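Participant: Quick one: sequence and predicted model below, then my questions.
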Amino acid sequence: MTESAASQLQEKCPVGGELIIPVVGLLFTGYYFTTIIGSPWTAQVSALFVGSFLAVLSLIFIVKATTMVWRGEADFGVRGVFNDTDLETNRHWLLLLTVAYILVVEWGGFTITTFVFLTAAMLVLNKGRRPAFIALLSAAFAFGGYALFIFAFEVRFPVGPFERLMRWLLA
């Protein structure tokens, strides 16, 4: 093997480990869709909205990773997935954020708490890069959740300052 061929093999990024969550997400979405068939229409619409969003994002990621493998930029390896200390640190932060979300959501309400949780979780996963984009994306998701679940379908999620303000403004 030539030196350039050996260096190309070493430079390939392993994407197999990154595909675990999107593939499991697609499987879960398929299962989720089969369980809502007999549910009320509001549950079906909510499930279809959330499941379709998850499926589209998963498929985009899978296509991107497969394209990288096809171009020779990556392989389906899973090197470093199970022993990376950085990953362990991220897992601990995400666990802490999840526990904090559960403890605070009753006081902060669905929308604000979801915004803070999504922003913090994405900043942890993205190592603090692109905070403005992450905050904007988190705001869109949190407000979208409010608009769909609380406003449109009147789901009884925890009420906080944002929900009270919106109830007052829309009254």
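Facilitator: Noted; the coordinates are in hand. All values reported here derive from a predicted model rather than from experimental measurement. Numbering: from 1, shown residues only.

Participant: Residue ranges in this structure under the pLDDT threshold?
Facilitator: Scanning the chain for pLDDT under 70 picks out the ranges 1-10, 80-88.

Participant: elements contacting the longest helix along it?
Facilitator: Using DSSP state H to define each element, the chain has its longest helix at helix 41-71. Helices and strands touching helix 41-71, by 3 or more C-beta pairs under 8 Å, 6 or more residues apart in numbering; DSSP states H and E, are helix 20-35, strand 74-75. In short, each C-beta sits where N, CA and C put it, glycine included.

Participant: quick one: which of the ones you listed is nearest W168?
Facilitator: Using C-beta to C-beta as the measure, helix 20-35 is the one of the helices and strands packed on helix 41-71 that comes nearest W168, at 34.9 Å.

Participant: which of the residues in the closest one are buried?
Facilitator: 22, 25-26, 29 (16 or more other C-beta atoms under 10 Å).

Participant: would TSV of these with distance to A152 be doable?
Facilitator: TSV is the format used below for the buried residues of helix 20-35 (distance: C-beta to C-beta, whole Å):
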residue	distance to A152
P22	28
G25	24
L26	26
T29	21
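
Participant: Domains in this protein, by residue range?
Facilitator: 1-82, 84-171 (automatic domain parsing).

Participant: looking at these, which is buried most?
Facilitator: Neighbour counts (mean count of other C-beta atoms under 10 Å) averaged over each of the domains of the chain peak at domain 84-171, with a mean of 15.

Participant: Just give me how far it sits from the chain centre.
Facilitator: Relative to the centre of its chain, domain 84-171 is centred 11 Å away, using C-alpha atoms, centre = their mean, to the nearest Å.
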